[in-house]
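Enquirer: I'd like to go over a predicted model; first the sequence, then the structure.
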Amino acid sequence: MADPRWLIAVMARIGNAFTHGQAISNQQLSQELGLPIRAAVQMGGQLEKAGLLHQVQRGDDQTLGYTLAKSPDRILIAGLLALGGPLPSASRGSSSEFEQVLLERLALAQREEAGDQTLATLIQEV
C-alpha cells in the first residue's frame, strides 16, 4: 500500500488535469511528482481499483492516462488518507507496539482533521 500522502498528491495532480479536460499518464505522474515509475503505476492501480480513477486513451498520442472516476467534490481527503497504508515507520526493522499505536493515532488525527474537505477544495488552492 502507498503512503497516503502520496495518494493525495497523485489525486491532486490527476484532479487538476481533470478540471482542464486532460488525462495524465503514469510517465507524467512520475516526472511531475518525482516518483519512480513503478510507484506511479502501483498508486494509479490502487486508486483505480478503489473506483476513484479510470484509464482512458489520451487524444494527443493515444497512450493511456488516468482521469477521475468521480467529480472532485465527491472525493473526500479523509477517504484518501484511509485508503493508503500506515504511515511509514522511522525504524528500519519491525516497529515497537508503542510506535504502531502512535502512528495509528496520528493517522486517525489526520483523517479527523481532513473532515469533509474534498479533492475539489484541495486543487482549487493549487
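Expert: Received, thanks.

Enquirer: for the record, mean pLDDT for stretch 35-48?
Expert: The average pLDDT within stretch 35-48 is 94.

Enquirer: what sits up against that stretch?
Expert: 1-2, 6-7, 10-11, 26-27, 29-30, 33, 53-55, 66, 69, 83 (Cβ atoms under 8 Å, 6 or more residues apart in numbering). Glycine gets a C-beta too; all of them are placed from N, C-alpha and C.

Enquirer: please repeat the previous calculation with a cut-off of 10 Å.
Expert: 1-3, 6-7, 9-11, 13-14, 24-33, 52-55, 64-66, 68-69, 75, 80, 83-85 (Cβ atoms under 10 Å, 6 or more residues apart in numbering).

Enquirer: in the lowest-mean-pLDDT helix or strand in the chain, what's buried?
Expert: In the chain, the helix or strand scored least confidently by mean pLDDT, DSSP states H and E is helix 97-114, which has a mean of 78. For helix 97-114, the neighbour count (16 or more other Cβ atoms under 10 Å) marks 103, 107, 110-111, 114 as buried.

Enquirer: farthest pair in these?
Expert: The most widely separated members of the buried residues of helix 97-114 are L103 and A114, with 16.7 Å between them, by Cβ to Cβ.

Enquirer: what is the burial count for the spatially closest residue to L33 that is not a sequence neighbour?
Expert: For L33, ignoring the flanking residues on the chain, the nearest one in space by Cβ to Cβ, 6 or more residues apart in numbering is A9 at 5.8 Å. Applying other Cβ atoms under 10 Å, we find 19 other residues in the vicinity of A9.
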